[in-house]
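>>> Okay, predicted coordinates and the sequence, questions at the end:
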Amino acid sequence: MRLWVCIALLSIALCASADRPAPFQAVARAGQFVRDAVGGARDMFRAYKDMREANYKGADKYFHARGNYDAARRGPGGAWAAKVISDARENWQSRVSGRGAEDTRADQEANEWGRRGGDPNRYRPAGLPRKY
C-alpha cells in the first residue's frame, strides 16, 4: 500500500513539473494572443473615446500614438489589433474624410511610432489637459 502511495505521489510530482504537451502549449499561446488582441482593441477604443471627449484641435496624432502604444504593450495580439484597427481606420478616413494623403501619412507615422514603443507625448499638443 505504501509503495502505491509513493508511486502515486511521485507520478503527480513528475506530471506537475513536466512541460505541457505541444498542442496544449499552442492552445495556451493562441488564447493569450486573443486576450491581448481584445485588450488592445479596448485600448484603441479608449484612446478614440478620449480623443472625442477632449475635442482638442491638433491632438489626433497624440491619441493615435497613445492607443497604439497601449495596445502594443499588451503583446503580439495587442500590436496586431492596433495595426488592423489603425489601417482600417486610415483606409476608411482617406476615402471619406477628404483630408488627403498627407494627413493619412502623418496619422500612420504616429500609429507606427506608438506600436514600436515610442513615447506618445512626442505628438502631444501644448495645452492638452493633463487628464489625457
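The structure has been received and is ready for your questions.

>>> Which strands or helices does the helix of greatest length in the chain pack on?
When the chain is parsed with DSSP state H, its longest helix is helix 22-54. Helix 22-54 makes packing contacts with helix 60-72, helix 76-96 when contacts are defined by 3 or more Cβ pairs under 8 Å, 6 or more residues apart in numbering; DSSP states H and E. Backbone N, C-alpha and C define where each C-beta goes, glycine included.

>>> what's the closest of those helices to Ala106?
helix 60-72 (6.3 Å; Cβ to Cβ).

>>> What mean pLDDT does the closest one get?
Mean pLDDT, computed over helix 60-72, is 98.

>>> And that helix, what's buried?
60-72 (16 or more other Cβ atoms under 10 Å).

>>> what's the distance between the longest helix of the chain and the middle of its chain?
Distance of helix 22-54 from the chain centroid (Cα atoms, centre = their mean, to the nearest Å) equals 5 Å.
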